[in-house]
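# okay, sequence plus prediction incoming.
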Amino acid sequence: MSGKPTDHLWTVGDVSEYLRVPVQTLYQWRTKNYGPCALRVGKYLRYREDDVRRWVAGLGEAEAA
């Protein structure tokens, strides 16, 4: 992540839409230490776009190993 002021964090809803999974699934994954890395910002979860995309890219690699 470049740290530019234009970079923004994704909400749980953003990630849910991107991955096409229910929001509740993201919360369940978090309790199981699965899914993309999330940051706690106050009482909210936020995701870096690069982290989400990297996690998705790594899914295929894990199956190939």
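Happy to help now that I have it. Residues are numbered from 1 along each chain as shown.
# hey, let's count contacts and neighbours off CA atoms from now on
Noted.
# and the top helix by length along the chain, how far from the chain's centre?
Among the segments of the chain that qualify as a helix by DSSP state H, the longest is helix 49-64. Remark: helix 49-64 is offset 10 Å from the chain centroid, using Cα atoms, centre = their mean, to the nearest Å.
# can you pull the buried residues of that helix?
The neighbour-count check on helix 49-64 (16 or more other Cα atoms under 10 Å) flags Glu49, Val52 as buried.
# okay, and the spatially closest residue to Trp10 that is not a sequence neighbour sits in which element?
Nearest non-adjacent residue to Trp10, counting by Cα to Cα, 6 or more residues apart in numbering: Tyr47, 4.9 Å away. Per DSSP states H and E, Tyr47 falls inside strand 44-48.
# gap between that strand and the chain center?
When distances are taken as Cα atoms, centre = their mean, strand 44-48 is centred 7 Å away from the chain's centroid.
# who are the packing partners of that strand?
Packed against strand 44-48 by the contact rule (3 or more Cα pairs under 8 Å, 6 or more residues apart in numbering; DSSP states H and E) you find strand 9-10, helix 12-19, strand 39-41.
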